[in-house]
Structure formats: C-alpha cells, structure tokens
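Asker: here are the coordinates; sequence isn't available:
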Ligand code: THU
C-alpha cells in the first residue's frame, strides 16, 4: 500500500484536478491523480460533452495522459475524488467516489501491463473520509492484456 504521505499527495492532486472538471450537465466534478513509478503524478478531470454519452471520466483522462507520455505501464496508484458543484461551480461533498465499471477496466489495462495491482484511493472533494482499495478487489476475475497474450 502507498504510504500515507503519498496517499495525501494523490488526494490533494485529485482535488486540484477536479477544479478543472468540465461537468456542466451532471454538475458532478471528478478529479483523478495517477502515481507513476518515479513519483510523478499525472492528473485528469471529467470532460463532459453536449452529446452526453461521449463524456470522459476523470480516471480515463488521467490514464490516457499517462499513456500519451509513454507511461501506461508505470502507474502504481490512483486517487479519485468527486462531488456535486454548487451554484458557483465549486464542488463539495465528503462521500468517497469510487471508479465506475468502465474506469476499472481501463485501470486494469495499466495494472496488467505493469505487472502489479494498483492502490485506489477514493475520497470526497473535502474531508478525511479516504477509502483504500486494491484494483483486484474492485474488479475481480478481470479480462485483460494477458488474455490476449500480452
Ligand atoms: N465520473 C467520473 O469522472 N469518474 C467515475 O468513475 C464516475 C463518473 C463522471 C462522469 C460524469 O461526467 C459525472 O462523473 C457524472 O456521472
């Protein structure tokens, strides 16, 4: 498990990322921060679309950003936070947000390519309620690159 200082860094980065959410339709801002093997943190926020079904989740954006830097196999942990935006567009809420099913599968690609389980830290936009999960527990019996010979 990622040490407490790193966990706190990841959650803080995810909260920072959530400030850049483009979520005018759901008004639910999500931020994600992926930790790489060398300590680098890569961030993402949800990007909604007027064609609602095309919206991108924060975790997927963060993982795609890591992949674009050639670091898909180097992800070791991810922090995720989210909450409803108020009238002024500041997000709020202390309930932990957990990755959706699609994001779990996207995370699984990185995990299997890197040959490691991922720590998944989940929190709200504010507060101390941070949950610790393993991707293997969030997505048991997964299908991944190994099934296709990678
Ligand atoms: N969302 C994420 O960014 N990540 C998740 O794991 C769950 C949902 C976003 C998608 C959409 O923009 C908003 O939250 C409400 O579903």
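Answerer: Received the coordinates, thanks. Note that the structure is a prediction, hence the values are computed from the model and not measured. Numbers count the residues shown, from 1 in each chain.
Asker: From now on I want contacts and neighbour counts done on CA atoms only, so please keep to that.
Answerer: Will do.
Asker: contacts for stretch 49-58?
Answerer: With contact meaning C-alpha atoms under 8 Å, 6 or more residues apart in numbering, stretch 49-58 is reached by 25, 30-32, 44-48, 103.
Asker: just these that are near the ligand?
Answerer: The subset of the contacts of stretch 49-58 lying close to the ligand, counting by C-alpha under 6 Å from any ligand atom, consists of 30, 46, 48, 103.
Asker: Pull the contacting residues for the second one.
Answerer: With contacts defined as C-alpha under 8 Å, 6+ apart, the neighbours of residue 46 are 18, 21-23, 29-31, 55-59, 61.
Asker: now swap in the third one and tell me
Answerer: Residues near residue 48 by C-alpha under 8 Å, 6+ apart: 22-25, 54-56.
Asker: With pLDDT, distance to residue 78 and neighbour count as extra columns, can I get these in CSV?
Answerer: Below are the contacts of residue 48 laid out as CSV (pLDDT from 0 to 100; distance: C-alpha to C-alpha, whole Å; neighbours: other C-alpha atoms under 10 Å):
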residue, pLDDT, distance to residue 78, neighbour count
22, 98, 20, 20
23, 98, 21, 21
24, 97, 25, 14
25, 98, 25, 11
54, 98, 23, 10
55, 98, 20, 15
56, 98, 17, 18
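Asker: Go through the protein and flag its longest strand.
Answerer: In the chain, taking DSSP state E as the definition, the longest strand is strand 75-85.
Asker: in its sheet, what does it sit against?
Answerer: Next to strand 75-85 in the sheet, as set by DSSP bridges, lie strand 28-36 (antiparallel), strand 91-92 (antiparallel), strand 119-124 (parallel).
Asker: any chance of the ones next to the ligand among the contacts of stretch 49-58 in CSV, with pLDDT and distance to residue 132 too?
Answerer: Putting these into CSV (pLDDT from 0 to 100; distance: C-alpha to C-alpha, whole Å) gives the following:
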residue, pLDDT, distance to residue 132
30, 98, 17
46, 98, 21
48, 98, 27
103, 98, 17
